[in-house]
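**Student:** Turn this into a model:
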Amino acid sequence: MIEYARDITGNDNQAEDVVQDAWLRFERAVRQAQIQEPVQYLYRIVRNLAIDGRRRFRLDATRHSVDLAEIAHLVASDNPSPEEAAIARNELSMVRAALDELPERTRMAVEMHRFGGLTLTEIAAKLRVSVGTAHALVADGVKHCHRRRNAC
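**Tutor:** Numbering: from 1, shown residues only. This next block holds a predicted model:
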């Protein structure tokens with residue numbers, strides 16, 4: 001099943017996340033209704049989630065051209081010009097302020113993902129939520145940070 005998801009997503013970690021999320025949805029569906037062809041139904045869930053995830057990833061990549069870790073790296077670099085350092089410090093303070101405005105769980109998810117390098121699966125386990133919820137928390141938090149950054 002993971003290989004099937006990997007063929008669609010092109011990424012091992014995303015494939016694992018998709019299969020885990022698909023299994024949870026499949027279990028819920030099986031409890032609620034009688035499924036005629038469960039294996040085909042599970043494959044359909046995996047396919048739909050993988051395609052949705054791939055689309056979401058492409059959309060996020062185009063929307064979020066600035067990487068928070070890149071901003072932090074620029075401030076910490078020995079080589080930036082004074083102007084670049086001032087701009088980066090300003091952007092980093094805007095990002096910190098935007099993170100402070102987020103609900104605690106969303107802020108934690110963004111920090112774990114962007115600054116801690118955790119995968120969505122690891123974040124989901126730490127926050128005790130589904131992988132889909134972890135993705136939504138990170139995406140919402142990053143979108144909020146970008147909106148606040150672009151508003152100034």
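**Student:** Just read off the phi/psi values of Q36.
**Tutor:** phi -70, psi -50 (degrees, to the nearest 10).
**Student:** What is the burial count for it?
**Tutor:** Using other C-beta atoms under 10 Å, Q36 has 7 other residues around it. (Glycine included, C-beta is placed from N, CA and C.)
**Student:** Kindly list the longest helix within the chain.
**Tutor:** Identified as the longest helix of the chain according to DSSP state H is helix 38-63.
**Student:** Report all helices and strands that that helix contacts.
**Tutor:** If contacts are counted by 3 or more C-beta pairs under 8 Å, 6 or more residues apart in numbering; DSSP states H and E, helix 38-63 sits against helix 2-9, helix 12-32, helix 131-151.
**Student:** quick one: the residue nearest the centre of the chain from A125, how far?
**Tutor:** Most central in the chain under C-alpha atoms, centre = their mean is H135, positioned 4.0 Å from the mean C-alpha point. H135 is 13 Å from A125, where distance means C-beta to C-beta, to the nearest Å.
**Student:** Please report how far I2 lies from A50.
**Tutor:** When distances are taken as C-beta to C-beta, I2 and A50 turn out to be 11 Å apart.
**Student:** re the thing from before, ok and the longest helix of the chain relative to helix 2-9, angle-wise?
**Tutor:** 40 degrees (axes from the mean of the first three to the mean of the last three C-alpha atoms, to 10 degrees).
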